[in-house]
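*Asks:* Sharing a model prediction with you, sequence too.
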Amino acid sequence: GFPRTLGQAEALDRLCELDVVISLNIPFETLKDRLSARWVHPGSGRVYNMDFNPPSVRGIDDLTGEPLVQREDDRPEAVAARLRKYKDAAKPVIELYKSRGILHSFSGTETNKIWPYVYTLLSSKIPPLLSDEEN
């Protein structure tokens with residue numbers, strides 16, 4: 001997410017005024033498992049997840065047949081360290097937006113269960129776009 005640090009939040013404030021901030025509260029183990037299951041095709045940047053978007057052949061890119069790699073920062077021990085660091089850095093950012101009354105938090109482990117609530121919030125804040133036929 002962005003902003004991740006108080007410094008980034010302050011820099012963002014100089015560029016625009018936010019009226020909605022979304023915080024997704026996902027359990028540590030869920031995040032660690034998902035990120036640790038991520039593999040990429042270096043040439044294209046295509047991303048696979050071994051749990052919910054695996055390649056047809058394990059370890060091989062579907063389009064080129066080339067090997068997939070796991071980034072160093074996606075290895076389980078690195079992911080755990082990244083998540084701890086993020087939590088510490090993000091805490092003041094969360095508090096800032098909470099104090100402004102613009103923070104909306106959603107909790108869960110599955111995108112398809114969280115998304116309808118996020119969509120409802122955003123739909124209430126952003127007017128729908130009309131197609132050319134409706135204009």
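*Replies:* Sure, I can see it.
*Asks:* quick one: the strands in this structure?
*Replies:* 21-25, 38-40, 47-49, 103-107 (DSSP state E).
*Asks:* most packed of the ones you listed?
*Replies:* Between those, strand 38-40 has the highest mean count of neighbours, a mean of 19, where neighbours are mean count of other C-beta atoms under 10 Å. For glycine as for every other residue, the C-beta is placed from the backbone atoms N, C-alpha and C.
*Asks:* Distance from that strand to the middle of the chain?
*Replies:* Distance, stretch centre to chain centre, for strand 38-40: 15 Å (C-alpha atoms, centre = their mean, to the nearest Å).
*Asks:* Identify all contacting residues around that strand.
*Replies:* Arg46, Val47, Tyr48, Asn49, Met50, Pro55, Gly59, Leu68, Val69, Gln70, Arg71, Asp74 (C-beta atoms under 8 Å, 6 or more residues apart in numbering).
*Asks:* Do I have it right that the third one meets Arg58?
*Replies:* This points to Tyr48. No - when contacts are counted by C-beta atoms under 8 Å, Tyr48 is not listed as touching Arg58 (9.5 Å).
*Asks:* For this protein, which element, helix or strand, carries the lowest mean pLDDT?
*Replies:* helix 28-36 (a mean of 90; mean pLDDT, DSSP states H and E).
*Asks:* Pull out the buried residues from that helix.
*Replies:* Leu31, Lys32, Arg34, Leu35, Ser36 (16 or more other C-beta atoms under 10 Å).
*Asks:* can you check stretch 84-97 too?
*Replies:* Neighbour-count burial for stretch 84-97 [16+ other C-beta under 10 Å]: Ala90, Val93, Ile94, Leu96, Tyr97.
*Asks:* Quick check: pLDDT value at Phe2.
*Replies:* Confidence at Phe2, expressed as pLDDT, is 89.
*Asks:* how close does it get to Pro116?
*Replies:* 23 Å (C-beta to C-beta, to the nearest Å).
*Asks:* same check, this time on Pro128
*Replies:* For Pro128, the distance to Pro116 - C-beta to C-beta - is 16 Å.
*Asks:* So for the two, which sits in the more crowded spot?
*Replies:* Pro116 (10 against 7; other C-beta atoms under 10 Å).
*Asks:* Grab the longest helix from this protein for me.
*Replies:* Ranked by residue count and defined by DSSP state H, the top helix of the chain is helix 76-99.
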